[in-house]
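Asks: Sequence and predicted structure, then a few things I'm wondering about:
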Amino acid sequence: RSGTEATAQIAGFAEAVRQRAARLSNILTHTAAMQAYARERLLAISIGTPGDIDRQTGYFLYAPRFEDCTKLNLHTIFQEAFGVDVLVKNDVNLATMGENLFGAGGGCRNMLYIALDYGIGSGMILDGRLFEGARGFSGEIGLWLMDPQEAYERYRQNTLPDQLGLDSIVSCFAIRQNVRHRLAAGQHSILLNWAKKDEDVTLERILDAFRLRDKLCMEVVEEAAVKFACALKNLIDFLDVEVVILGGLARKFGDYYLDIVRDFLSRVQPTFPPRLIWSKLGDESTLYGAIGDALEHAFDQIVLQSGE
């Protein structure tokens with residue numbers, strides 16, 4: 001793409017976000033008036049987004065799901081629309097807070113949340129607080145390099161690709177790609193009755209075949225679960241948490257997936273592994289985390305104001 005095209009796309013995306021913020025502002029004003037609440041009662045807004053935000057500037061540092069979004073500032077857009085404090089966090093970090101405050105990790109001072117979706121991300125509560133790192137960039141385990149030998153060979157050839165990370169091995173996207181490759185190689189599956197083209201092999205159809213105990217799909221899920229368990233073992237050894245909570249689309253593989261991970265950890269973990277469970281809040285974990293984040297900020301402001 002030309003620089004002009006990229007700039008136009010950024011501007012269009014930013015304008016769409018601004019319009020959505022303005023609509024939300026109008027809805028809030030209308031609703032507040034009908035319920036006899038003053039607009040001033042709004043104390044804070046909490047936003048969860050894929051990617052990582054620069055704490056100093058409010059701009060994206062890294063957001064693989066969005067194209068050319070480094071010039072987009074959600075903090076500024078929503079603050080201008082609502083005129084209140086705006087908190088912007090990574091969506092998986094907010095999901096971690098949600099599970100810790102209201103979900104499966106309630107009461108845990110040291111826990112790990114991992115979103116197993118089309119990509120993979122994680123968040124952690126350490127000593128009772130969300131840990132975000134120096135730049136808010138912690139938890140990006142999907143970027144972990146998982147094959148040192150291949151990385152070394154590619155390095156020597158000066159051909160390091162983006163597809164060496166954990167995302168490309170165990171995510172739901174990787175599961176879909178692995179199924180497609182096996183079908184293309186001639187392996188049998190019930191999917192052949194439903195999908196005539198490569199793009200017809202969707203995750204939804206893979207899930208349907210998996211529920212029917214299709215051998216190919218179950219083997220691919222087993223492979224992904226074991227490879228994920230390898231990475232999880234290293235995380236457990238490093239962080240020593242009480243609970244590991246798994247969320248995202250992989251929840252649809254149910255106990256089959258979870259039991260494989262548990263079995264692997266029981267064989268290789270030198271100490272008793274932490275409790276491993278599915279998310280309790282599901283798709284709403286980020287929403288609950290945003291509520292908790294906004295409440296915490298509002299309480300802090302009240303305390304500061306009362307001390308003045």
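Replies: Great, that's in hand.
Asks: if I've got this straight, M124 is in a strand?
Replies: Yes: secondary structure of M124, determined by DSSP: H, G, I helix; E, B strand; the rest coil: located in a strand.
Asks: Please name every helix or strand in contact with the host helix or strand of A225.
Replies: Secondary structure assignment for A225, by DSSP states H and E: helix 215-239. Contacts defined by 3 or more CB pairs under 8 Å, 6 or more residues apart in numbering; DSSP states H and E place helix 215-239 against strand 111-116, strand 120-126, helix 167-170, helix 172-184, helix 203-211, strand 243-247, helix 254-268. Just so you know, the C-beta spots here come from the backbone N, C-alpha and C atoms, and that holds for glycine as well.
Asks: Columns mean neighbour count on top of these, output as JSON lines?
Replies: Output for the helices and strands packed on helix 215-239, formatted as JSON lines (neighbours: other CB atoms under 10 Å):
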{"stretch": "strand 111-116", "mean neighbour count": "27"}
{"stretch": "strand 120-126", "mean neighbour count": "25"}
{"stretch": "helix 167-170", "mean neighbour count": "22"}
{"stretch": "helix 172-184", "mean neighbour count": "19"}
{"stretch": "helix 203-211", "mean neighbour count": "18"}
{"stretch": "strand 243-247", "mean neighbour count": "24"}
{"stretch": "helix 254-268", "mean neighbour count": "15"}
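Asks: Nearest to R55 among the ones you listed would be which one?
Replies: In this view, these are compared for proximity to R55 by CB to CB, and strand 120-126 is the closest at 15.9 Å.
Asks: Show me what that closest one pairs with in its sheet, parallel or antiparallel.
Replies: Sheet partners assigned to strand 120-126 using DSSP bridges are listed as strand 111-116 (antiparallel), strand 129-131 (antiparallel).
Asks: can you list the residues that contact the shortest one?
Replies: What that stands for is strand 129-131. By CB atoms under 8 Å, 6 or more residues apart in numbering, the residues outside strand 129-131 that reach it are N93, T96, M97, N100, G123, M124, I125, S138.
Asks: is it true that the last one touches E132?
Replies: Yes: with contact taken as CB atoms under 8 Å, S138 and E132 are classed as touching, separated by 5.6 Å.
Asks: what residues are shared contacts of these two?
Replies: With contacts defined as CB under 8 Å, 6+ apart, no residue is shared by S138 and E132.
Asks: Which of the strands paired with strand 120-126 sits closest to S46?
Replies: Distances from S46 to each of these were compared using CB to CB; the minimum, 12.5 Å, belongs to strand 129-131.
Asks: so can I have a markdown table of the helices and strands packed on helix 215-239 showing mean pLDDT?
Replies: Formatted as a markdown table, the entries for those read as follows, by pLDDT from 0 to 100:
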| stretch | mean pLDDT |
| --- | --- |
| strand 111-116 | 97 |
| strand 120-126 | 95 |
| helix 167-170 | 92 |
| helix 172-184 | 96 |
| helix 203-211 | 96 |
| strand 243-247 | 97 |
| helix 254-268 | 95 |
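Asks: number of nearby residues for the closest residue to A184 other than its chain neighbours?
Replies: Distance criterion CB to CB, 6 or more residues apart in numbering; nearest residue to A184, sequence neighbours excluded, is D198 at 7.2 Å. Using other CB atoms under 10 Å, D198 has 11 other residues around it.
Asks: just checking, D198 touches R180?
Replies: Yes: with contact defined as CB under 8 Å, D198 reaches R180; the gap is 5.6 Å.
Asks: all helices for the stretch 1-150 of the chain, in order.
Replies: Assignment of helices within the stretch 1-150 of the chain using DSSP state H, counting those that start in this stretch yields the ranges 3-34, 74-82, 91-102, 148-157.
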